[in-house]
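*Asks:* Got a sequence here, can you build the structure:
(2 chains)
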Amino acid sequence: MFRFFDHTGDYGAELEAQSERELYEASIDALVALMVEDPTTVRETETRELRVTGVDAEAQLVALGNEVLFAFETGWLCRRVEVDALEEHAVEATAYGEPFDADRHPIARPVKAVTHHASEVRQRDDGTWRGTLVFDL
Amino acid sequence: MGRRNDRKKKKRAAARDAAKTGKVRVPTAPAPYAGRDVPLEQVDANRWRVPKTGAMRVDGMVYADAALLPSITKDRALEQVANVATLPGIVGHSLAMPDIHWGYGFPIGGVAGFDESKGGVVTPGGIGFDINCGVRLLASDADVGRVRDRIEPLTQALFDAVPAGVGSKREQLRLGANDLDDLMREGLSWSLRKGYADEHDVEHVEERGRIDGADPEQVSARAKQRGMPQLGTLGSGNHFAEIGVIDAIYAEEQAAAFGLREGQVTLMIHSGSRGLGHQVCTDSLSSMLRAAADYGIELVDRQLCCAPIRSPQAQSYLAAMAAAANYAFNNRQVMTRWAREVFDDALGAELRTVYDVCHNIAKFERHEVDGRERRLLVHRKGATRALGSGHPSLPKAYADVGQPVIIPGDMGRYSFVLAGGVGSRETFGSACHGAGRMLSRSEAKRRIAKSDVAKALKDMGVYVLGASKATVAEEMPFAYKDVAEVVEVVAAGGLASKVARIRPLGCVKG
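*Replies:* Model (predicted):
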């Protein structure tokens, strides 16, 4: 689950999930909602295996978003991801989507990058997870 | 059998990753003014000091007047000014221009100089994702009378000729196998060779369109893959190509030297290094987070991750940054070429480069600090170089009047051309870069229905064609500070002086 918060130049997202895996997945839901006018126009006809690394959990969260962005910029639009494994040094996920088609996928706002500013991955006392990401437009 | 091999493969990959990445603890320190009101001590009518506290190594210095302060204090940009002051080797002040607003790490409108010999660092967040985002101003030989009745078709022609946003209909510029590396290494000389630029263009671009030290080998394959199809495209967000008219001249001598006159049609192109630059920054941030841990640099904000200038990580980044900056110079040049075709076809008019400035960059420059000349790595994040008259880096034509400083406002009101002043020595030769945002994008969207945007702009006398659905609403004039106020502070502070004002007529937005 995600909710956007105000950031003067760009957009921030607050993430909430039951598990750490779902937190990562929610971050991609937020990114897709920001970029694509109507995410339901993106069909899940193809999959891609993603693998990202980072110095810690926050950096991995940022890296996963930037991986999806890279795929978009090189012609492939992701609808959502499913995290397969959270290892000590890497996140592995399967992305569901299709090749980008400008006519069928109106883009609301192309995102330049996922930033490290205010990035956060944290488990609460009740076992649920929360996170924060800021996107550069 | 297959599954066992998969497991083995995964174990080998994990071992490689561990060696390459390995979990590290990124050293952090409390931000000096986190969650607190940042105190300001007034220095004079246009300057306010942020006193050193906690991990800050120098004071902050904010260029603003009393009218601009409320919007600056509201969005916590001052916390970021204080955060920048914690970086190793910072010299003088952590500077803030009057258009400052909250960024990520470095504030937008922030300037900071670092001394290599004092452990000074380079921080990619102090340049930004859009390396060498900047503005090119062109002046035409056509008068506004020739375009007033044809702004809509002229803007449409520009929209068709200059790819904006995503999924542009224009056929991609075909780059040869070596072109991308060449243009990153050579800067604007590449465009000259290929016929996209003439000598006058090269003479009238900051650094002659080439930042030294560029090494395409330091640019990742991913960055090149993103940049390859994007040369000559506008990009999105607040990027634009705008047809305007000079509607006021404030300084006759400078205007004449810049070749500007009232009633003259202008074209302004605001764009940067596209996906190539964004990827260079993204790549560098991962490396710098690890470097901060290696060098024991405590970060008050992860986006301020950095490495000592002499370190291999910093040297690699600087070489890649210069390459991306050179890509951006060529990017604006290729779009200039296409805009020239439009103006020639539609009006039989020419477009001459007045100047082209960077506003997201780091450069080695010599500046006087405490009576001594020092070589500093000056970071400008949403700030423009503004050299005063007599500076050796100026083109001959501008040597006596100072550097043109191009300050785009929002898309409804006006933009300004200034001349760099000798007073800019206090800010390492820097001034503001634009109006500066005041409202968040979501707030801006809430204030106007998408259906009302076109009419609102038409009422302001501007015809806007936007490629991205949401961004035009988010870029509405009321989301920005009044650039005239920003420019008044810059002028009052002696950083630059007003030369001309430009009113927008037609705008292509990414």
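
*Asks:* show me where chain A has strands.
*Replies:* A:2-6, A:11-17, A:46-53, A:76-86, A:90-99, A:113-123, A:129-136 (DSSP state E).

*Asks:* Revised request: answer the last question for the stretch 151-300 of chain B.
*Replies:* Read by DSSP state E, counting those that start in this stretch, the stretch 151-300 of chain B holds these strands, from start to end of the chain: B:240-249, B:264-271.

*Asks:* Ok, which of the strands of chain A comes nearest B:H93?
*Replies:* When those are ranked by proximity to B:H93, the top entry is strand A:113-123, at 22.4 Å, counting by C-beta to C-beta. (Each C-beta comes from the backbone N, C-alpha and C, glycine too.)

*Asks:* touching chain B at all, the closest one?
*Replies:* Yes - looking at strand A:113-123 against chain B by C-beta under 8 Å from any C-beta of the partner chain, the contacts come from A:A113, A:V114, A:T115, A:H116, A:H117, A:A118, A:S119.

*Asks:* Just flag the most distant two among the residues you listed.
*Replies:* A:A113 and A:A118 (14.1 Å).

*Asks:* hang on, the earlier thing: got the strands of chain A as JSON lines, with mean neighbour count columns?
*Replies:* Output for the strands of chain A, formatted as JSON lines (neighbours: other C-beta atoms under 10 Å in any protein chain shown):
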{"stretch": "strand A:2-6", "mean neighbour count": "14"}
{"stretch": "strand A:11-17", "mean neighbour count": "20"}
{"stretch": "strand A:46-53", "mean neighbour count": "16"}
{"stretch": "strand A:76-86", "mean neighbour count": "19"}
{"stretch": "strand A:90-99", "mean neighbour count": "19"}
{"stretch": "strand A:113-123", "mean neighbour count": "22"}
{"stretch": "strand A:129-136", "mean neighbour count": "22"}
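
*Asks:* Columns mean pLDDT on top of these, output as a markdown table?
*Replies:* Shown next, in a markdown table, are these (pLDDT from 0 to 100):
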| stretch | mean pLDDT |
| --- | --- |
| strand A:2-6 | 85 |
| strand A:11-17 | 94 |
| strand A:46-53 | 96 |
| strand A:76-86 | 96 |
| strand A:90-99 | 97 |
| strand A:113-123 | 90 |
| strand A:129-136 | 93 |
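
*Asks:* right, and B:V121 touches B:F114 too?
*Replies:* Yes - here B:V121 lies in contact with B:F114, judged by C-beta atoms under 8 Å, at a distance of 5.9 Å.

*Asks:* Need the overlap of contacts for these two.
*Replies:* Counting by C-beta atoms under 8 Å, 6 or more residues apart in numbering or on different chains, the shared contacts of B:V121 and B:F114 are B:L87, B:P88, B:G89, B:I309.

*Asks:* Tell me which residue of chain A lies closest to chain B.
*Replies:* Scanning chain A for the residue nearest chain B gives A:A102, at 2.4 Å (criterion: C-beta to the nearest C-beta).

*Asks:* That residue: how many residues sit nearby?
*Replies:* Per other C-beta atoms under 10 Å in any protein chain shown, the neighbour tally for A:A102 reads 12.

*Asks:* tell me the pLDDT at it?
*Replies:* For A:A102, the pLDDT comes out at 87.

*Asks:* Please apply the same query to the one 5 residues further on.
*Replies:* pLDDT for A:I107: 87.

*Asks:* right, and it touches A:M35 too?
*Replies:* Yes - judged on C-beta under 8 Å, A:I107 makes contact with A:M35 at a distance of 6.1 Å.

*Asks:* B:R380 sits in which helix or strand?
*Replies:* strand B:372-381 (DSSP states H and E).

*Asks:* hmm, who's touching that strand?
*Replies:* Strand B:372-381 has contacts (C-beta under 8 Å, 6+ apart) with B:91, B:103, B:106-116, B:120, B:122-123, B:125-128, B:309, B:358-369, B:428-430.

*Asks:* Can you tell me which residue is spatially central in chain A?
*Replies:* The geometric centre of chain A, computed from its C-alpha atoms, lies nearest to A:I28 (C-alpha atoms, centre = their mean), at 2.2 Å.

*Asks:* Now for that residue: which residues touch it?
*Replies:* By C-beta under 8 Å, 6+ apart, the contact list for A:I28 reads A:L64, A:G65, A:V68, A:C78, A:R80, A:V81, A:A95.

*Asks:* just to revisit the earlier point, now tabulate the residues of strand A:113-123 next to chain B in TSV and tack on distance to B:E242.
*Replies:* What follows is the residues of strand A:113-123 next to chain B, written out as TSV (distance: C-beta to C-beta, whole Å):
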residue	distance to B:E242
A:A113	25
A:V114	29
A:T115	27
A:H116	32
A:H117	29
A:A118	33
A:S119	35
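
*Asks:* that older thread, from the middle of its chain, how far away would the strand holding B:R380 be?
*Replies:* Here strand B:372-381 shows a centroid-to-chain-centroid distance of 17 Å under the convention C-alpha atoms, centre = their mean, to the nearest Å.

*Asks:* Could you do stretch B:216-224 as well?
*Replies:* Here stretch B:216-224 shows a centroid-to-chain-centroid distance of 21 Å under the convention C-alpha atoms, centre = their mean.

*Asks:* which outside residues touch it?
*Replies:* Counting by C-beta under 8 Å, 6+ apart, the neighbours of stretch B:216-224 from elsewhere in the structure are A:70, B:180-181, B:184-185, B:275-277, B:279-280, B:283, B:316-317, B:319-320, B:323-324.
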